[in-house]
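**Q** next comes the sequence, and after it the predicted model I'd like to discuss.
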Amino acid sequence: MDHTFNVFKTCPLKEGQKIRVEDSPIGGDWEVISVSPYKITLRCPVSGKELTKDRFLFFVEESQGKWPR
């Protein structure tokens with residue numbers, strides 16, 4: 001029997017990458033500062049605030065335009 005299901009893959013992040021997080025309490029523009037198999041450190045380009053979190057990002061699309069918004 002066939003079923004409908006969702007597939008999630010972690011985003012292949014790299015240091016220096018500029019990202020936009022949507023649909024999250026920490027939504028907004030961030031720069032990737034460091035990446036490990038389990039943690040990422042992000043920096044806000046406006047305030048300079050740094051945040052270390054468990055890896056939680058999943059790739060949706062690549063986009064071009066103004067950053068940070």
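**A** Thanks, I have the structure now.

**Q** mind listing the strands for the protein?
**A** Taking DSSP state E, the strands of the chain run over residues 18-21, 28-35, 39-43, 50-54.

**Q** format these as JSON lines; extra columns: distance to Asn6, mean pLDDT and mean neighbour count.
**A** The way it works is simple: take the backbone N, C-alpha and C, and place the C-beta from them, glycine included. Listed next are those as JSON lines, based on distance: least, C-beta to C-beta, whole Å; pLDDT from 0 to 100; neighbours: other C-beta atoms under 10 Å:
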{"stretch": "strand 18-21", "distance to Asn6": "19", "mean pLDDT": "91", "mean neighbour count": "14"}
{"stretch": "strand 28-35", "distance to Asn6": "24", "mean pLDDT": "96", "mean neighbour count": "17"}
{"stretch": "strand 39-43", "distance to Asn6": "22", "mean pLDDT": "96", "mean neighbour count": "18"}
{"stretch": "strand 50-54", "distance to Asn6": "20", "mean pLDDT": "94", "mean neighbour count": "11"}
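
**Q** let's have these in JSON lines, adding distance to Thr4.
**A** Putting these into JSON lines (distance: least, C-beta to C-beta, whole Å) gives the following:
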{"stretch": "strand 18-21", "distance to Thr4": "27"}
{"stretch": "strand 28-35", "distance to Thr4": "32"}
{"stretch": "strand 39-43", "distance to Thr4": "30"}
{"stretch": "strand 50-54", "distance to Thr4": "28"}
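
**Q** give the full set of residues in contact with the residue nearest the centre of the chain.
**A** Taking C-alpha atoms, centre = their mean, the centroid of the chain lies closest to Leu57, which sits 4.6 Å from it. Going by C-beta atoms under 8 Å, 6 or more residues apart in numbering, Leu57 touches 10-11, 13, 19, 21, 40.

**Q** mind redoing it with 6 Å?
**A** Leu57 is in contact with Cys11, counting by C-beta atoms under 6 Å, 6 or more residues apart in numbering.

**Q** follow-up on the earlier one: so for Glu62, which of the strands of the chain sits nearest?
**A** Nearest to Glu62 among the strands of the chain is strand 18-21 (10.4 Å), distances taken as C-beta to C-beta.
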